[in-house]
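Visitor: quick one, structure for this:
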Amino acid sequence: MSALKPATALAAEASKPYPNDSDDYRRARTALLAEEIELRRHIERVAELRRALPPGGVAADYEFRDENGKTVGWDALFGAHDTLVTYFWMYGPQRERPCPMCTAFLGSLDVPSRDIQQRVAVAVIGRSPVERQLAVARERGWKHLKFFATVGDRFARDYRGLAPNGDEWPALDVWVKRDGRVLHFWGSELGGTADPGQDPRGAPDPTPLWNILDLTPGGRGTDWYPKLDYDDR
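Guide: Just a heads-up that it's a prediction; the model follows:
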């Protein structure tokens, strides 16, 4: 592999002024562009390291229920694929409404899940019955995500979706099939990783909501969260 051109050199070549840019703005934007190139390269290095992970632990034979009320195993979630992405969302039976943050993420995943599922399976897992999850999906206009309910709480406890005190947490996980076994390939492991003043977040965060806000002068803000309903009048 040929050596990469320094990010500062790439940025200097690519940086072109927009109408009425000041010299100060263009210098600052070119310096930022170099940092963005370095960030992209780091994201790619991290993805390569992730792909090179050794085999994870063998998953138990958990049971789930599908939208027809049928009790199923891993095969139903994997379908024809050997790789599965699951999202455990905070919508247990004790909740009147699902977590707004989980809902925002799933909303951003619904449409591209059609493309994603050309390569890997995608399943949403919750502790509430599937019909209850689907009611929210219909309300939000989601059409493409597949929902499953846990049978009991063992899966949620084992894979960090349910704390001993009953609190729920979101959990994004990747699973693979190897030699007839299901292995845990990767988990988001958000607990305790945030820096001071930050909410728990992935690296990179897969939610477009936060990525778009990070592009703006105000950023994510400190006193705002997604809502399940907005007053659009």
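Visitor: where do the helices sit along the protein?
Guide: Taking DSSP state H, the helices of the chain run over residues 7-14, 23-51, 74-78, 100-110, 113-116, 130-140, 154-158, 208-213.
Visitor: okay, the angle between the fourth one and helix 130-140?
Guide: Here helix 100-110 runs at 70 degrees with respect to helix 130-140, directions being taken by axes from the mean of the first three to the mean of the last three CA atoms, to 10 degrees.
Visitor: show me the contact partners of helix 100-110.
Guide: With contact meaning CB atoms under 8 Å, 6 or more residues apart in numbering, helix 100-110 is reached by 87, 89-91, 116, 122, 124, 136-137, 140, 142-145, 170, 206-209, 225-228. Glycine gets a C-beta too; all of them are placed from N, C-alpha and C.
Visitor: so which of those sit within strands?
Guide: 87, 122, 124 (DSSP state E).
Visitor: could you dump those into JSON lines and include distance to Asp61?
Guide: Below are these laid out as JSON lines (distance: CB to CB, whole Å):
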{"residue": "Tyr87", "distance to Asp61": "21"}
{"residue": "Val122", "distance to Asp61": "21"}
{"residue": "Val124", "distance to Asp61": "20"}
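Visitor: closest one of those residues to His184?
Guide: Closest approach to His184 among the ones in strands among the contacts of helix 100-110 (CB to CB): Tyr87, at 14.4 Å.
Visitor: the closest one and Glu67, how far apart?
Guide: Distance of Tyr87 to Glu67, computed by CB to CB, to the nearest Å: 16 Å.
Visitor: what of Leu4?
Guide: Per CB to CB, Leu4 is found 48 Å from Glu67.
Visitor: who's more crowded, those two?
Guide: Glu67 (15 against 10; other CB atoms under 10 Å).
Visitor: surely that one meets Arg138?
Guide: No - in this structure, Glu67 is not within contact of Arg138 by CB atoms under 8 Å, at 11.7 Å.
Visitor: alright, that wraps it up for me.
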